[in-house]
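Asks: predicted model and sequence below, questions to follow.
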Amino acid sequence: MICSGNRETIYPDDIEHVIVYRKNNEYAGWPFNGGFWHFGNGELLVGFNRNKCSYTSPKDVRHSQIQLGNGQLVTMRSTDGGRTWPLKNLQILVESKAELRAKILFYPPDASPLPKPQPVNFSDPNVIMAVETPLGNERGPTAYFLTRDKGYTWEGPHLLYDPVFETIQARPSYVLRSDGLLLWFVQGRRWDELSDSNKVRDEGRPMILASMDGVSWNFLSYITPESTYPPKICPYPAILPDGRIVVALRSAWPDWRFQWTEIFISEDNGLTWRFLSRVNEWGTPASLVVLKDGRLLCVYGRRTPPYGIRAKISNDEGMTWGREIILRDDGGSPDLGYPRAILLPNGKIITVYYFNNDKDSVKCEGGVRYIAATIFEAPY
């Protein structure tokens, strides 16, 4: 594996932390699953999960409890480049994940009560896609949402189903090729793989579904070999300046605190893939951003002490990685991270993530889980 041996760290000189959403009686998390979009003129939209949480015992912060116990998928909007996030802009996209999951699983796909999608033009910058956020080794199809007006109104949920696959898990992680084909980086497990659990995780292997219109989705390729160990999950793509596609993958080591990020690359528009590099010692899942000068930035949560948010920059399109950038090291527990990041017009980067502070007055295996953002300038 190619991995930078440089263990030196660096703090950005130009950095600002912002609270996107926090309530002391709620758990808010996983913007990596919810999505993050930039529409220009300072307008940003972030999606994340939330639910009531009393923070009185460890069971209150169990992820299954947060998501399935009437957990919601919501969005928040900023119109000033991410510095403020007015609560009045909060919008509920999924009122209850448990109810939506029941509709997906109870009905056979050909009798699904979910509405059929209408064609969209993915080259329209106002068109984006959100997804029923996954929970661990959740099984079965999933559902997605489309908007034509930057997330002010949504269509869906629409069933994402393929008869070849017993399970499809998805996040809004996609890129648009120059020919107009949208590549959606998801995970899938085929029916014929159900008896071979040692090779394929319940949520499946990272793969690509492709569509021109958001209605018909077709399998394009797998990103990793079937026998890859540790398994890879949580794909996040970026298109390099020369048109090649890179994807960050989470290496699902059994102890999730010590998982790491690897980069795979395609040189034929997503048809075939090969391993390129290991980014870090520990830290997943990760998001990628191509900077103005063409360098590649990778942002991830660090779930080993000191807990926080970190990043690295590659000068050679993901082959090797520079010093680790410490964005935050004040986390209260490993229950944080899941970042997404965007390049702002002024060249700065904004990353959103969920967090809990080490000095929070609330103590429950860490502090209150909330959504935060960090705006910073690349320090090298």
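Replies: Cool, the structure landed. Numbering: from 1, shown residues only.
Asks: mind telling me which residue is nearest the centre of the protein?
Replies: Geometric centre of the chain, nearest residue: Phe32, 2.6 Å, by C-alpha atoms, centre = their mean.
Asks: could you verify that that residue is part of a helix?
Replies: Yes. Phe32 sits within a helix when classified using DSSP: H, G, I helix; E, B strand; the rest coil.
Asks: now it: how far from Tyr353?
Replies: 8 Å (C-beta to C-beta, to the nearest Å). Backbone N, C-alpha and C define where each C-beta goes, glycine included.
Asks: same check on Ile66?
Replies: Separation of Ile66 from Tyr353 (C-beta to C-beta) stands at 16 Å.
Asks: which one's more surrounded, these two?
Replies: Of the pair Ile66 and Tyr353, Tyr353 is the one with more neighbours under other C-beta atoms under 10 Å, namely 30 against 25.
Asks: the host helix or strand of that one pairs with which strands, and in what direction?
Replies: Following DSSP states H and E, one finds Tyr353 within strand 349-355. In the sheet, strand 349-355 lines up against strand 337-343 (antiparallel), strand 370-376 (antiparallel) (DSSP bridges).
Asks: quick one: average confidence on the first one?
Replies: Taken as a whole, strand 337-343 has a mean pLDDT of 99.
Asks: what does it rub up against?
Replies: For strand 337-343, contacts defined as C-beta atoms under 8 Å, 6 or more residues apart in numbering pick out 29-33, 35-38, 44, 46, 283-292, 297, 299-303, 309, 349-354.
Asks: go on, stretch 213-228?
Replies: 116-122, 127, 129, 146, 160, 162, 164, 182-185, 188, 199-200, 205-211, 232, 235, 247, 249, 264, 266, 270-273.
Asks: are any of the residues you listed buried, and which?
Replies: Neighbour counting over the contacts of stretch 213-228 (16 or more other C-beta atoms under 10 Å) leaves 117, 120, 122, 127, 129, 146, 160, 182-185, 188, 200, 205-211, 232, 235, 247, 249, 264, 266, 270, 273 as the buried ones.
Asks: which of the residues you listed fall in strands?
Replies: 129, 146, 160, 182-185, 188, 205-211, 232, 235, 247, 249, 264, 266 (DSSP state E).
Asks: and the helices in this structure?
Replies: Here the chain has its helices, by DSSP state H, at 31-34, 63-68, 97-106.
Asks: point out the most buried one among the ones you listed.
Replies: Here the criterion is mean neighbour count by mean count of other C-beta atoms under 10 Å, and of these the winner is helix 31-34, at a mean of 28.
Asks: which stretches of the stretch 251-380 of the chain have low pLDDT?
Replies: Within the stretch 251-380 of the chain, no range satisfies pLDDT under 70.
Asks: and Trp191, how many residues sit next to it?
Replies: 11.
Asks: please apply the same query to Gly81.
Replies: If we define neighbours as other C-beta under 10 Å, then Gly81 has 18 of them.
Asks: many thanks, have a good one.
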